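> Give me the fold of what follows.
(2 chains)
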Amino acid sequence: QQPVQSPQAVILREGEDAVINCSSSKALYSVHWYRQKHGEAPIFLMILLKGGEQKGHDKISASFNEKKQQSSLYLTASQLSYSGTYFCGTVDRGSTLGRLYFGRGTQLTVWP
Amino acid sequence: NAGVTQTPKFQVLKTGQSMTLQCAQDMNHNSMYWYRQDPGMGLRLIYYSASEGTTDKGEVPNGYNVSRLNKREFSLRLESAAPSQTSVYFCASRQGPVSNQPQHFGDGTRLSIL
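Numbers count the residues shown, from 1 in each chain, chains lettered A, B, ... in the order given. Alright, predicted model coming up:
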């Protein structure tokens, strides 16, 4: 039930774009995205609830393809502050307690 | 704005010792969670409490017990610590079990068992 994230790691130059993918073998109700910097707590980025929904936060956006049970996180014109590990968390459709299953994370490094 | 507070922040134990990790939230949230984070493994759920008075096992509950003391506090106990329990432990809370609400994490407890 743990979603699969890809790639495991990404190295970018400042200003480049990146895409992080999250896929599940289960039908999903929602997808959550978090970012964690080294030695710190995960910080909430966004939740996607509906199939096809797209959300944005500054230059970070995400999409959710309900039919494919996939979500993608888009980081545009990356900044040094985007460095960290990104986790997706999925909630299965029909879950009564809204339990989150987290992927193993994608480590993003942005160099100047 | 304290949010989710975990104590202690660091702890070193010897194999076989016991200890309790404390977690408190001041956001009036109903649901609380304990995760462990190991390198390359992501966040794995140990136990959770969807509401005051209820607790349920997560993915990796063996070797742990929990107590939902009241709405604010959710503690995690290691009865007989083992080296395999060396990890970073995060407590989190959420308004309720409804899936369109974010989880808020504490700063973590770094636990080493020798």
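> pLDDT score for residue A:56?
For residue A:56, the pLDDT comes out at 70.
> and it, how far is that from chain B?
Taking Cβ to the nearest Cβ, to the nearest Å as the measure, residue A:56 falls 16 Å from chain B. To be clear about C-beta, it is placed using only N, CA and C from the backbone, and glycine gets the same treatment.
> residues in contact with that residue?
Residues in contact with residue A:56 (Cβ atoms under 8 Å, 6 or more residues apart in numbering or on different chains) are residue A:62.
> Show me where chain B dips below the pLDDT cut-off.
Low-confidence segments of chain B (pLDDT under 70): B:1, B:97-99.
> Quick one: name the residues of it near chain A.
Residues of chain B found near chain A (Cβ under 8 Å from any Cβ of the partner chain) are B:31, B:35, B:40-45, B:48, B:50, B:56, B:58, B:90, B:94, B:96-108.
> Burial check on the closest residue in space to residue A:31 that isn't next to it in sequence, number of neighbours?
Distance criterion Cβ to Cβ, 6 or more residues apart in numbering or on different chains; nearest residue to residue A:31, sequence neighbours excluded, is residue A:71 at 4.1 Å. Residue A:71: 26 surrounding residues under other Cβ atoms under 10 Å in any protein chain shown.
> what element comes up after whichever helix or strand residue A:71 is part of heading to the C-terminus?
Following DSSP states H and E, one finds residue A:71 within strand A:70-75. The element immediately downstream of strand A:70-75 (helix or strand, assigned by DSSP H and E) is strand A:84-92.
> in its sheet, what does the helix or strand following that next one sit against?
For strand A:84-92, the following helix or strand on the C-terminal side (DSSP H and E) is strand A:101-102. Taking DSSP bridges as the criterion, strand A:101-102 forms sheet pairs with strand A:84-92 (antiparallel).
> Give me the mean pLDDT for the partner strand.
For strand A:84-92, mean pLDDT rounds to 94.
> contact partners of it?
With contact meaning Cβ under 8 Å, 6+ apart, strand A:84-92 is reached by A:1, A:3, A:5, A:20, A:22, A:24, A:26-38, A:42, A:45, A:71, A:73, A:98-103, A:105-108, B:42-43, B:99, B:103.
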